[in-house]
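Chemist: Whatever this is, show me its structure:
(one chain, ligands or ions: 2)
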Amino acid sequence: MAAKRVLLKLSGESLSDGSSSISAASLSRTANEIKSAITRGKVQLAIVVGAGNIWRGACKFIERVTADKMGMLVTVMNSLALSDALATAGIKSNLFSANGVSGFAENFNREKAIRCIEQKNIVIFAGGTGNPFFTTDTTAALRAAEIKANMLLKATQVDGVYSADPKKNKDAVKFASLTFKEALDKHLKIMDSEAFSLCMQTNISITVFDFYKDGNLRKVLNGEKIGTIVEA
Ligand SMILES: Nc1ncnc2c1ncn2[C@@H]1O[C@H](COP(=O)(O)OP(=O)(O)OP(=O)(O)O)[C@@H](O)[C@H]1O
Ligand SMILES: O=c1ccn([C@@H]2O[C@H](COP(=O)(O)O)[C@@H](O)[C@H]2O)c(=O)[nH]1
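Modeler: Ligands and ions are numbered 1, 2, ... in the order given. Presented below is the predicted three-dimensional model:
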């Protein structure tokens, strides 16, 4: 199916070149991939950016809830960087944050976000769910459900969902498609189980694809079958 209203989950790494957490080249490439993917299409796009380029999970010497708040704040920084890169590429975006960060982003407002999307502005949802113990994958599933997206795209560093992490297991086998139940039963770690469960409940398909191959985002939005689709 060609895309209509789409929630794109970008990993924090999409802003990084590996040596610096946010690099000019990676930011600009990400913005240009988005621009070329949406230019001629009828897609309405919302984005959630992770924080993996700067902040990975719980920190041993900081209490979990505080560490999680720090992770959510990092997504605000990444979202500001993405919004700026999109503006440089000539694309208007609206930035919402789950929790108040006055002066940096507007407070999340579902109805306003939907209005912005309908006007073909890109909407960026920062600050995670606003609650500790969650991830930006779950945030992506949550916001996708709230805006009634018809698909969630997980743009990542691997070209689909495998039987095990392909970076750690050379014998891992790629799935062309699988059901939410299979993804949950097999404990596939490409996304967390909360994200899979929420998409299963709301019947929003997830496509996992390699964002680092130029043009892949455009292909997925045009309905080309690349990566792995997880659906009911
Ligand atoms: N079964 C699996 N199939 C494919 N990839 C898997 C699997 N299990 C684990 N992975 C790993 O999951 C990683 C997903 O990482 P990615 O950076 O996209 O997400 P993320 O950790 O949510 O990023 P961020 O924290 O920035 O949001 C892949 O790079 C891959 O190595
Ligand atoms: O709803 C949320 C979302 C995120 N967090 C914290 O932020 C970091 C970064 O998110 P990633 O998905 O790993 O990029 C995450 O590890 C949590 O610490 C959160 O608490 N609540």
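Chemist: List the contacts of the nearest residue to Thr228 once chain neighbours are set aside.
Modeler: In space, Thr228 comes closest to Gly160 once its chain neighbours are excluded; the distance is 3.6 Å by Cβ to Cβ, 6 or more residues apart in numbering. No exception for glycine: its C-beta is placed from N, CA and C like everyone else's. By Cβ atoms under 8 Å, 6 or more residues apart in numbering, the contact list for Gly160 reads 174-176, 208-210, 227-228.
Chemist: how about 10 Å then?
Modeler: 154, 166, 174-178, 190, 207-210, 226-230 (Cβ atoms under 10 Å, 6 or more residues apart in numbering).
Chemist: Next, give phi and psi for the residue nearest to Tyr162 when sequence neighbours are not counted.
Modeler: In space, and not counting its chain neighbours, Tyr162 is closest to Ala172: 3.9 Å by Cβ to Cβ, 6+ apart. Note on Ala172: its backbone torsions stand at phi -60, psi 140 [degrees, to the nearest 10].
Chemist: Check Thr136 too.
Modeler: Dihedral pair for Thr136: phi -80, psi -20, per degrees, to the nearest 10.
Chemist: what does this structure have sitting close to ligand 1?
Modeler: Taking Cβ under 6 Å from any ligand atom as the contact definition, the chain meets ligand 1 at 11-13, 50-52, 136-137, 156-158, 161-162, 164-167, 188-190.
Chemist: about what we covered before: contacts only, for the residue nearest to Tyr162.
Modeler: For Ala172, the contact set (Cβ under 10 Å, 6+ apart) comprises 158, 161-166.
Chemist: which residues in the chain form strands?
Modeler: Ranges of strands within the chain are 5-10, 44-49, 93-97, 106-107, 122-126, 151-156, 177-179, 205-210, 228-231, based on DSSP state E.
Chemist: Next, the angle strand 93-97 makes with the helix ranked longest in the chain.
Modeler: Counting residues, the longest helix in the chain under DSSP state H turns out to be helix 64-88. Using axes from the mean of the first three to the mean of the last three Cα atoms, to 10 degrees, the direction of helix 64-88 lies 170 degrees away from that of strand 93-97.
Chemist: For ligand 2, tell me whether helix 64-88 is touching it.
Modeler: Yes. Using Cβ under 6 Å from any ligand atom, helix 64-88 reaches ligand 2 at 67-68, 71-72.
Chemist: which helices and strands does that helix pack with?
Modeler: strand 5-10, helix 24-38, strand 44-49, strand 93-97, strand 122-126, helix 136-146 (3 or more Cβ pairs under 10 Å, 6 or more residues apart in numbering; DSSP states H and E).
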